[in-house]
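>>> I would like to see how this sequence folds:
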Amino acid sequence: MSSEQFNEGDLVQLKSGGPVMTVTKATGANSLTCKWFEGSSVHTDYFPPAALRKVPERADQATSVGAAAK
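Modelled structure (predicted):
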């Protein structure tokens, strides 16, 4: 069982590796909906929280409405 809590918008990755994904919905206590890109294709799948780990957001990936407006 995973003690890590996930929220919509969190960046995650399977503990075994793979692409960085975005949590788009908590579909129950035992399932998260995640989306990721592979080239120009968008993929969606469901994963148990125990199989995922959070990935820190890099500064160059962060976007800010205020920074974009300057």
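
>>> in this structure F6 contacts A50, no?
No. Using C-beta atoms under 8 Å, F6 is not in contact with A50; the gap is 10.8 Å. Heads up, the C-betas are built off the backbone N, CA and C, glycines and all.

>>> okay, these two: which has more neighbours?
Each of F6 and A50 has its neighbours counted (other C-beta atoms under 10 Å); F6 has more, 17 against 12.

>>> and that one, what helix or strand is that in?
F6 is part of no helix or strand, with elements assigned from DSSP states H and E.

>>> need phi/psi at it.
F6 adopts backbone torsions of phi -120, psi 140, taken as degrees, to the nearest 10.

>>> what about the strands in this structure?
11-14, 21-26, 32-38, 41-47, 52-54 (DSSP state E).

>>> can you add mean neighbour count and mean pLDDT and give those strands back as CSV?
Below are these laid out as CSV (neighbours: other C-beta atoms under 10 Å; pLDDT from 0 to 100):
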stretch, mean neighbour count, mean pLDDT
strand 11-14, 17, 97
strand 21-26, 17, 95
strand 32-38, 16, 97
strand 41-47, 11, 97
strand 52-54, 16, 97
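
>>> can you name the residues that contact P19?
Going by C-beta atoms under 8 Å, 6 or more residues apart in numbering, P19 touches 13, 36-38.

>>> what's the answer for V23, then?
6-10, 12, 32-34.

>>> what bridges to it?
C34 (DSSP bridges).
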